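Trainee: Any chance you can model this:
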Amino acid sequence: MKRRSFWVTVLLSALVSSLALTQLQAAVPAASSAPSLAQGKRPNLLLITLDTTRADHLGSYGYRLGATPRLDRLGKEGVVVEAALAVTPLTLPSHCSLMTGLYPPRHGVRDNADFRLPDAETTLAELLLRAGYRTEAVVGSIVLSGALGISQGFQGYDEPKPAEAVAGKEIAFQEILERRAGEVTDRALARLAAVGDDPFFLWVHYFDPHSSYDPPEPFRTRFSSRLYDGEIAYVDQQIGRLLDRLSAQNKLDSTLVVVTADHGESLGEHGEATHGVFIYDATMRVPLLLRWPTQLHAGTRYKPVVSGVDLAPTLLDLFGLPPFPQGQGKSHASALRGGARVEREPVYLETLLPARAYGWAPLFGLRDATHKYIQAPSPELFDLTTDPRETNNTLSKPSPQAAFWSQRLDAVQRAMGSPNPTASEPADAERLERLKSLGYVSGGPGAPVDPPSGGPDPKQMIAITSQVDQARQLLTSRRVLDAMRLAEAVLKLDPANPAAHGVLGMALSLKGERVRGLSSLQTAAKLAPKTFEHQRNLGVALQQLGRAAEAIVAFRAALAIQPQSAPTRFSLGAALLSAGDAQAAVVELQAAIRQGYATVGARCALAAAFERSGSPDEAQTVLRAIVAKEPRAIDAWLQLAALLQRRGLREEAAVCYRRAYEQLKVERASNDPLLRVVHAQVLLLDGDSNAAIRQLEAVLGEKNLPPDVAELARRLLRTARP
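Mentor: Numbers count the residues shown, from 1 in each chain. Here you go, the predicted model:
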């Protein structure tokens, strides 16, 4: 299992031109008409999405260095779409477009973690559920967490769970939790078993080809020099397990099997190591394979351009179901069956990542069967028929051709439609004013989601992305000084880079230079006010410095971006408690626990908030529930003991102190300061105040005593002395 940090965003759309798409390469006999759901003939749908998989690394697209026999067989037994294009080189917005048939500017999801698909949008799963399908999903990464809205319409949604975080205690990256393809397949097979004979829509997402590349054996050894190919080969093997089970159940031929990807991977092309910054075909051209005997002619090579927004409308049409009420994609169902060719205007491409992550110019583009136009500070136009790797920019200077493509793109953007505002809820006016007063928000209420078009050209800055990623990896490995030096080197080249400021701030904070670290984190939050990671880490830094009131503002700004972040809501509750607003702390801590952050620490904090807000009975109930369920929770025993002691329940308090002491003896060394302080408390309860005083004085005489233990010892010493 691998974890990695991440950022991302994108979009795509239809244009206002009337260029016709090419026909099928081979004559395809017209298949039978779409199955009639009214007659009860419901075919199944298996949709497999491969993360970070470029088309030209599969055998079906001519690649000979990999090992994808099961995917290649799918292509031979069905349709290979030769020009399938992602809407964005980013996972969440791309999948939202796959599921809704809407462009990102319309559904509003423009990046990964900082956005959520609005409940008001209609998904493919919702339409199939209404049509009587059993809808199930198994995803390989938490980047597709159901909390981000992508789970709409699925009766079962299986996702990896994040490890328990120590929220509010440590500045850290957002992390992607993934699970290997083998586990994903196991869970998908369990879902297949659960659906029985019901018609089903099963979506299976494999994350493995995403960097860093770490395939299991034997693929690691076999592809030791091409680990990316090894990841794809491993996923191919697991897809084979899934298909074999369908075959064994006699369901494979009655199932439309679709395999595609959310985006590709640059692998160093154009200087980009992975994906997200550029919209060249290395990250935008993806595989699209469809197998459905009797409906789709085996061995078809489908040449017309197909956009990610076209997939769901095409699948609905193939099943004979009504289209999306407000869909923006185009159905290719008739042409896939051998009917009339599809008139498809150029598709619209975008990545906002350069602007949101690095402060550079965003990239927008148009792509048809023969040309690609990229709008940037230095615009590009490529003739894909003679230059498929996009290395020869034909727009060396302003020209009528440049103006023509720019005007086409502008027309498409103006016709795109307004985004759903609930996809990215900004902080309210009061919070934004407070943020501005603290000096780390540059925008105002209602600031647009789209970043400004200014900023450096990503083509000139791309080398910096590798340096920032390396700095983050160094920080994750606790090589703090190396990370700090690399971030400082990046900022000499690119002073307004929010990602580098964020890394530098985290490095300085971990190094103990919290005031300097705070300054860098404030700069990162000011440069990228709508990035969750910067706002959350700023809140943690402020909390560490005892500036609880300011931390509250930053945590609320983070939650305005990611309301589903339970650890951040816990951090807000803890900050409110520190600031003396116990009643508000109760509300936030209860919300964090309801959202799944039900750690011992969160529940202990809730008990403290209850007591300080004048509800000791509720506090006692919470603490007793903790120790009943988790008898080794030392902090809960100590907190309960102190509460009982304050309430005059001396004998019950003594029992709790002794339970804490016995557990500490099991877990700690005999010279552990907390163990000795709790022992002194037990001695006091037993009436041996002299021994307790000697013990406490000895503890307080030690160097490097933890502050909380020292405070507890001093308080007990004041009680013990006459």
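Trainee: pLDDT below threshold where in this structure?
Mentor: 1-40, 162-176, 420, 424-453 (pLDDT under 70).
Trainee: Measure how buried Arg715 is and give me the count.
Mentor: 13 (other CB atoms under 10 Å). For glycine as for every other residue, the C-beta is placed from the backbone atoms N, C-alpha and C.
Trainee: Phi first, then psi, for it.
Mentor: For Arg715, the backbone dihedrals (degrees, to the nearest 10) come out as phi -60, psi -40.
Trainee: do you know how far it is from Leu638?
Mentor: As defined by CB to CB, to the nearest Å, Arg715 lies at a distance of 12 Å from Leu638.
Trainee: Repeat that for Gly271.
Mentor: Relative to Leu638, and taking CB to CB, Gly271 is found at 56 Å.
Trainee: Comparing these two, which residue is more hemmed in?
Mentor: Leu638 (24 against 16).
Trainee: Quick one: residues contacting the nearest residue to the more buried one once chain neighbours are set aside.
Mentor: Nearest residue to Leu638 in three dimensions, chain neighbours excluded: Ala660, at 5.0 Å (CB to CB, 6 or more residues apart in numbering). Ala660 is in contact with Ile634, Trp637, Leu638, Ala641, Val678, counting by CB atoms under 8 Å, 6 or more residues apart in numbering.
Trainee: so which strand or helix has Ala660?
Mentor: helix 650-667 (DSSP states H and E).
Trainee: Quick check: buried residues in that helix?
Mentor: Glu652, Ala653, Ala654, Cys656, Tyr657, Arg658, Arg659, Ala660, Tyr661, Gln663, Leu664 (16 or more other CB atoms under 10 Å).
Trainee: Same list (these) but as TSV, adding distance to Leu683.
Mentor: Below are the buried residues of helix 650-667 laid out as TSV (distance: CB to CB, whole Å):
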residue	distance to Leu683
Glu652	18
Ala653	14
Ala654	11
Cys656	15
Tyr657	10
Arg658	11
Arg659	16
Ala660	14
Tyr661	10
Gln663	17
Leu664	14
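Trainee: nearest to Leu227, of these?
Mentor: Leu227 lies nearest to Gln663 out of the buried residues of helix 650-667, by CB to CB, at 45.5 Å.
Trainee: related to what we said a few turns ago, report the distance from the helix holding Ala660 to the chain centre.
Mentor: Distance, stretch centre to chain centre, for helix 650-667: 42 Å (CA atoms, centre = their mean, to the nearest Å).
Trainee: And for stretch 142-158?
Mentor: Mean-position distance between stretch 142-158 and its chain equals 12 Å (CA atoms, centre = their mean).
Trainee: C-alpha coordinates for it, CSV please?
Mentor: This file holds the C-alpha atoms of stretch 142-158, laid out as CSV (Å, rounded to 0.1, in the frame of the first residue of the first chain):
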residue,chain,number,x,y,z
ILE,A,142,-9.6,8.0,-1.2
VAL,A,143,-9.2,10.7,-3.8
LEU,A,144,-12.6,9.4,-5.0
SER,A,145,-14.1,9.4,-1.5
GLY,A,146,-17.8,9.2,-1.5
ALA,A,147,-17.8,12.3,0.7
LEU,A,148,-16.8,14.3,-2.4
GLY,A,149,-20.1,13.5,-4.0
ILE,A,150,-19.0,11.0,-6.6
SER,A,151,-20.9,8.2,-4.8
GLN,A,152,-24.3,9.6,-5.7
GLY,A,153,-26.6,6.8,-7.0
PHE,A,154,-24.5,3.9,-5.7
GLN,A,155,-26.3,1.6,-3.2
GLY,A,156,-22.9,0.3,-2.1
TYR,A,157,-19.7,2.4,-2.2
ASP,A,158,-16.5,0.7,-1.1
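Trainee: what are the ranges of the helices in the stretch 1-150 of the chain?
Mentor: For the stretch 1-150 of the chain, the helices defined by DSSP state H, counting those that start in this stretch cover 69-77, 91-100, 104-107, 124-130.
Trainee: out of those, nearest to Gly580?
Mentor: Comparing the helices of the stretch 1-150 of the chain by CB to CB, helix 91-100 comes nearest, at 38.3 Å.
Trainee: got the CA positions of that closest one in CSV?
Mentor: Coordinates of the C-alpha atoms in helix 91-100 are reproduced here as CSV (Å, rounded to 0.1, in the frame of the first residue of the first chain):
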residue,chain,number,x,y,z
THR,A,91,-8.9,12.3,-11.1
LEU,A,92,-11.9,13.7,-9.3
PRO,A,93,-13.1,16.2,-11.9
SER,A,94,-12.5,13.7,-14.7
HIS,A,95,-14.6,11.0,-13.0
CYS,A,96,-17.3,13.6,-12.3
SER,A,97,-17.5,14.3,-16.0
LEU,A,98,-17.5,10.5,-16.8
MET,A,99,-20.4,10.0,-14.5
THR,A,100,-22.5,13.1,-15.3
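Trainee: one step back: buried deepest among the helices of the stretch 1-150 of the chain, which one?
Mentor: Across the helices of the stretch 1-150 of the chain, averaging neighbours per residue (mean count of other CB atoms under 10 Å) puts helix 91-100 on top, at a mean of 30.
Trainee: What helices and strands are in contact with that one?
Mentor: For helix 91-100, the elements it packs on are helix 104-107, helix 124-130, helix 311-318, judged by 3 or more CB pairs under 8 Å, 6 or more residues apart in numbering; DSSP states H and E.
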